[in-house]
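Chemist: Quick one, fold the following:
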Amino acid sequence: MATLPGSIGFKGMDEARFLAACREAMEDDRRGGIGTLGEKTLHAALKRYFQPEERFREVAVGRYVADIMSPEGITEIQTAGFGRLREKLGFFLENYPVTVVYPVAGLKWLISMSREGELSKRRKSPKAGGPWELLIELYSIREHLKNPGLSLCVPVMEVEEYRLEDGRGRRGYTRFERMPIRLMEEVWIRGPGDYHLLMPPGLPEEFTAKEFRACGRFSNMQGSLALSAARELGAVEQIGKRGRAYLYRQVRA
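Modeler: Model prediction:
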């Protein structure tokens, strides 16, 4: 995949710059700027982190608006729902190298907000996320995955996740905000040699779909999407069967 030699993101992880970007985003939120744009704090912070210069952010490109458009190419920050990105990404890749940034929570603190606005004490989530979560979303843009102009970045962060008591969602709570606290790691996928970085931890040399789901802590549906995306990338191949289950292995570039 194409590299962006002048892109800030390719200069290496910079936690100090990340924290500064978070402070700026939170200041804008308090002034009403982010709310006016319908932009969440995490998205706004990452946009500032990857491109500190405001003139390169929110740039019209054809009939779309790019999160970042600079001489080095386009950067799109997508916190969920890659299906909405499919058409836009196809248009961008016809003319520019594109980096898609997908943040995940490597360490998550949960905070609940009651209907009256009272906050609970924060508690540590038992689930530790990682780059493999990106595979679930990649299925939605599978037709673009082998485009040499596409690069991927997974910032792994410590976050506070706020959940609102609204009678919907899981157990009557819906996530409405993720506040970034710390940048723990950046994982870059620039080509086939990096695909192994998206594999769930503890994956054996040969594995079934059930073992793949268990290693990634995926639901049945998530596991199916993630494994299909890994196969589309060429990172995983089917090699036979173990009993009635199909058997897979990683493909090393």
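Chemist: What ranges does the stretch 1-150 of the chain have for its strands?
Modeler: Along the stretch 1-150 of the chain, the segments classed as strands by DSSP state E, counting those that start in this stretch run 57-61, 64-70, 73-77, 98-101, 104-113, 123-124, 150-170.
Chemist: lowest average confidence, helix or strand, in this protein?
Modeler: Least confident helix or strand of the chain, by mean pLDDT, DSSP states H and E, is helix 33-37 with a mean of 39.
Chemist: Pick the most buried one from the strands of the stretch 1-150 of the chain.
Modeler: Across the strands of the stretch 1-150 of the chain, the average number of neighbours (mean count of other C-beta atoms under 10 Å) peaks for strand 98-101, which reaches a mean of 26. Every C-beta, even on glycine, is put in place using the N, C-alpha and C of the backbone.
Chemist: okay, which residue is most central for this structure?
Modeler: With distances taken as C-alpha atoms, centre = their mean, Tyr102 lies nearest the centre of the chain, 1.9 Å away.
Chemist: Tell me the pLDDT of it.
Modeler: Here the pLDDT value assigned to Tyr102 is 96.
Chemist: List the residues that contact the residue lying closest to it once chain neighbours are set aside.
Modeler: Excluding its sequence neighbours, the residue lying closest to Tyr102 (C-beta to C-beta, 6 or more residues apart in numbering) is Leu134, at 5.0 Å. Going by C-beta atoms under 8 Å, 6 or more residues apart in numbering, Leu134 touches 102, 104, 152, 154, 198.
Chemist: now the helices for the protein?
Modeler: Assigned by DSSP state H, the helices in the chain fall at 15-30, 33-37, 41-50, 86-93, 134-138, 209-216, 220-233.
Chemist: so the fourth one versus strand 73-77, what angle?
Modeler: Between helix 86-93 and strand 73-77, the angle formed by their directions is 160 degrees, by axes from the mean of the first three to the mean of the last three C-alpha atoms, to 10 degrees.
Chemist: Can you mark which positions in helix 86-93 are buried?
Modeler: 88-89, 92-93 (16 or more other C-beta atoms under 10 Å).
Chemist: Same list (those residues) but as a markdown table, adding pLDDT and distance to Arg17.
Modeler: Putting those into a markdown table (pLDDT from 0 to 100; distance: C-beta to C-beta, whole Å) gives the following:
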| residue | pLDDT | distance to Arg17 |
| --- | --- | --- |
| Lys88 | 95 | 27 |
| Leu89 | 96 | 26 |
| Phe92 | 97 | 25 |
| Leu93 | 96 | 27 |
